[in-house]
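Provided below for reference: sequence and predicted model.
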Amino acid sequence: MSKEIVMLEARRVSFDYRRPIVRDISLSLGPGTVTGIIGPNGSGKTTVLRLLDGILRPLSGQVLLGGDRPLSGLSRKEIARHIAMVPQNGGVYYYQTVFHFAIQGRSPHLSLLGFESARDENITLEALEMTQLAGYLNHRVSEISGGEKQRLLLARALAQQTEILLLDEFTANLDINYQVELMRLVRRITREKNLATLVVSHEINLLGTFCDRIILMGQGRICHQGNVQEVLTQEHLKPIFGMDFAIRQLPGGKVEVLPVINKDSNHEN
Amino acid sequence: MNRLSGKKIVMASLALLGAWLIAMIASLNIGSVPIPVQTSLRLLTGYVTGGSTGEDPLESVLFSVRLPRILLGSLAGAGLAAAGTAFQSLLRNPLADPYVLGVSTGASMGTILYSIFVGWAGFSIAGGGAVYGRPVAAFLGAVFAIGVVYLIAAGAERAGESSHRLLLAGIVLASFLSSINVFLLTSTNQADLRGIFYWLIGDLSRPVDVSIYPVTALVLAGFFFLYLFSHSLNLIAMGETDAVILGIEVGRVKTCVYVIASLVTGAVVSVSGPIAYIGLICPHMGRMMFGRDNRMLFPTVFIFGAIFTLLADTLARTILSPAELPVGIVTALCGAPLFIYLLRRKGGQP
């Protein structure tokens, strides 16, 4: 990972709406790197993602594109040319075909009255190939499986041709085999396209295997961030999740994390 | 595959324009005085080329009665159909239509209040500049109605629920406002207003005044601007978060489309009255024939609205000939069953 190039950066960002509050978040995403955010429910992970995509405006601090352009000064269209996001429960219009859904990722590149060109079509087809959906072009979205829908949302994001990719609970509700397959795909695409990728997930083990960096959040703050082996330790995880973890360091900087599930209460907390 | 191209849209629009012309010629010949097609075509050619003699008695039937009414019906239908397409995309609900949402009734209240005010203030309704205020008053009435509907429905958390609440609020508001309209019309002592009960149901038989020019301009301009937002509306139909992520300024687009659709509805209602369900039937037909891409749907539904309303009005003025029904009766007879069908089919979901 190169430390000098910054694709997207948050500087001391805070936000407050109804419940999930985010305080004083600073982080940066570099090219070719998969960063994972992990933390308990309500710790502000999704809020951070929405702040990074400019959907929410910070109360204080700022989010900088490329390290120097504040998102608050850019139009939505401009942001969508640089940052793609796969939202939690992304809207999937059931009667659309796979191809028509994916080509909507070209929207930020179209003019006001624009129609998709042959080039837009090719970029979309490439994104669908990359996500192994090329065989489903004319299938209706309602006909494909849950895992394929996630890949379709990823394909739409790739069709945006951005350099930053934000994934919110990308593997939720899928079986473990599919989760691994999707994360493998995300990591491969991140490397191939030199993307700055940020993944929010509850699957500690999955992030420990596929991420280059980990951000550990608790109660709206970043508690720890850094390399996987530095962050995913028993001392860091226990106070945040309130339970014990069996952690095994693997070669290649990876970590295997296993929650130790106590049938009765965790009386130490 | 099969990405949408401008060419496909132009082809479909031209085909529909052809159908509109055929419907128009057919409608010109049908009525209490039947006119043979050759006669009407000869008179039309004469009219266009300036070679008309003005002697044929059928000429006045054709050009003073039928043609204006056909053009008015086409304009009203096109405007209401376009407004319906816009409301359906915004609310993600195929049941949304200016009539169902109470927007049309709000616009007719604006028109009535304005006419009463003008009469009370002593302006001449028939002449002068006062008539130009009527579409504006109708627009304000439409905006008032959509605002009230929003206030009633506000607070629904989930998008699907809020869209249903909006429809319910619209239906209730429409029945409330139409009572007020009848009350206003009955209580006024202005003779010329008391006769316009047909107009409350949507009627094309009344003679138009000069306000038809700004109304025409508003409908055409409104259609053009709605069309500019058609791709943004495609993305908003997927869900607002997705639209934002894909670069749409959702708040701004929604405000603009609401204002434009209300303006078009107001302009139409100020001349034709609230014709029911055009904005429900025509987008539905359009989607069945051309799919759901708004870039295709806006132009085709616009022309389709003209054809449908023109045919409905032809039926309205011939079915009980020589008596005439208001066109709104015919459209309501078609639209209400469709509404029920759509409601039952998917619970009103798009």
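Structure's in. What do you need? Residues are numbered from 1 along each chain as shown, chains lettered A, B, ... in the order given.

where do the helices sit along chain A?
A:45-52, A:76-82, A:98-103, A:118-130, A:146-159, A:176-193, A:204-210, A:228-231, A:234-241 (DSSP state H).

low-confidence ranges, the stretch 101-250 of chain B, go.
B:121-129, B:155-161, B:191-195 (pLDDT under 70).

residue numbers of it in contact with chain A?
Proximity of the stretch 101-250 of chain B to chain A, by Cβ under 8 Å from any Cβ of the partner chain, involves residues B:227-228, B:231, B:234-235, B:237-239, B:241-242, B:244-249. Quick note: C-beta positions are derived from backbone N, CA and C, even for glycine.

can you rerun that using 7 Å?
Contact residues, the stretch 101-250 of chain B versus chain A (Cβ under 7 Å from any Cβ of the partner chain): B:228, B:231, B:235, B:237-239, B:241-242, B:244-249.

which residues does the closest residue to residue A:105 other than its chain neighbours contact?
Distances taken as Cβ to Cβ, 6 or more residues apart in numbering or on different chains place residue A:159 nearest to residue A:105, at 3.0 Å, with adjacent residues excluded. Residues in contact with residue A:159 (Cβ atoms under 7 Å, 6 or more residues apart in numbering or on different chains) are A:102-103, A:105-106, A:123-124, A:127.

columns neighbour count and pLDDT on top of those residues, output as JSON lines?
JSON lines is the format used below for these (neighbours: other Cβ atoms under 10 Å in any protein chain shown; pLDDT from 0 to 100):
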{"residue": "A:102", "neighbour count": "29", "pLDDT": "94"}
{"residue": "A:103", "neighbour count": "25", "pLDDT": "93"}
{"residue": "A:105", "neighbour count": "26", "pLDDT": "95"}
{"residue": "A:106", "neighbour count": "23", "pLDDT": "95"}
{"residue": "A:123", "neighbour count": "21", "pLDDT": "96"}
{"residue": "A:124", "neighbour count": "27", "pLDDT": "96"}
{"residue": "A:127", "neighbour count": "25", "pLDDT": "96"}
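
wait, isn't residue A:134 in contact with residue A:127?
No: here residue A:134 lies out of contact with residue A:127, judged by Cβ atoms under 7 Å, at a distance of 9.7 Å.

for chain A, which residues score under the pLDDT cut-off?
Applying pLDDT under 70 to chain A flags the ranges A:1-3, A:17-20, A:90-94, A:265-269.

quick check, central residue of it?
Among the residues of chain A, the one closest to the centroid is residue A:167, at 2.3 Å (Cα atoms, centre = their mean).

tell me what it is bridged to.
residue A:86, residue A:199 (DSSP bridges).

mean confidence score for stretch B:279-291?
Averaged across stretch B:279-291, the pLDDT comes to 91.

please list the residues of chain A that sit near chain B.
Applying Cβ under 7 Å from any Cβ, one finds that chain A approaches chain B through A:53, A:55, A:76-77, A:79-80, A:85, A:87, A:90-91, A:93, A:99, A:103-105, A:107-108, A:110, A:112-113, A:115-116, A:121, A:137-138.

just to revisit the earlier point, return the most buried member of the helices of chain A.
helix A:98-103 (a mean of 26; mean count of other Cβ atoms under 10 Å in any protein chain shown).

got a list of contacts for that helix?
With Cβ under 7 Å, 6+ apart as the test, helix A:98-103 has contacts from A:92-93, A:116, A:120-121, A:124, A:127-128, A:133, A:136-139, A:141, A:144, A:152, A:155-156, A:159, B:1, B:3.

which elements pack onto the host helix or strand of residue B:284?
Residue B:284 is part of helix B:278-290, with elements assigned from DSSP states H and E. With contacts defined as 3 or more Cβ pairs under 7 Å, 6 or more residues apart in numbering or on different chains; DSSP states H and E, the packing partners of helix B:278-290 are helix B:67-91, helix B:294-318, helix B:327-346.

how about the last one, which residues are buried there?
Within helix B:327-346, the residues that qualify as buried by neighbour count (16 or more other Cβ atoms under 10 Å in any protein chain shown) are B:327-332, B:334-335, B:338-339, B:342.

would you list these in JSON lines and tack on distance to chain A and pLDDT?
Shown next, in JSON lines, are the buried residues of helix B:327-346 (distance: Cβ to the nearest Cβ, whole Å; pLDDT from 0 to 100):
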{"residue": "B:327", "distance to chain A": "32", "pLDDT": "92"}
{"residue": "B:328", "distance to chain A": "32", "pLDDT": "92"}
{"residue": "B:329", "distance to chain A": "34", "pLDDT": "92"}
{"residue": "B:330", "distance to chain A": "31", "pLDDT": "93"}
{"residue": "B:331", "distance to chain A": "27", "pLDDT": "93"}
{"residue": "B:332", "distance to chain A": "29", "pLDDT": "91"}
{"residue": "B:334", "distance to chain A": "24", "pLDDT": "88"}
{"residue": "B:335", "distance to chain A": "23", "pLDDT": "87"}
{"residue": "B:338", "distance to chain A": "19", "pLDDT": "86"}
{"residue": "B:339", "distance to chain A": "20", "pLDDT": "84"}
{"residue": "B:342", "distance to chain A": "15", "pLDDT": "80"}
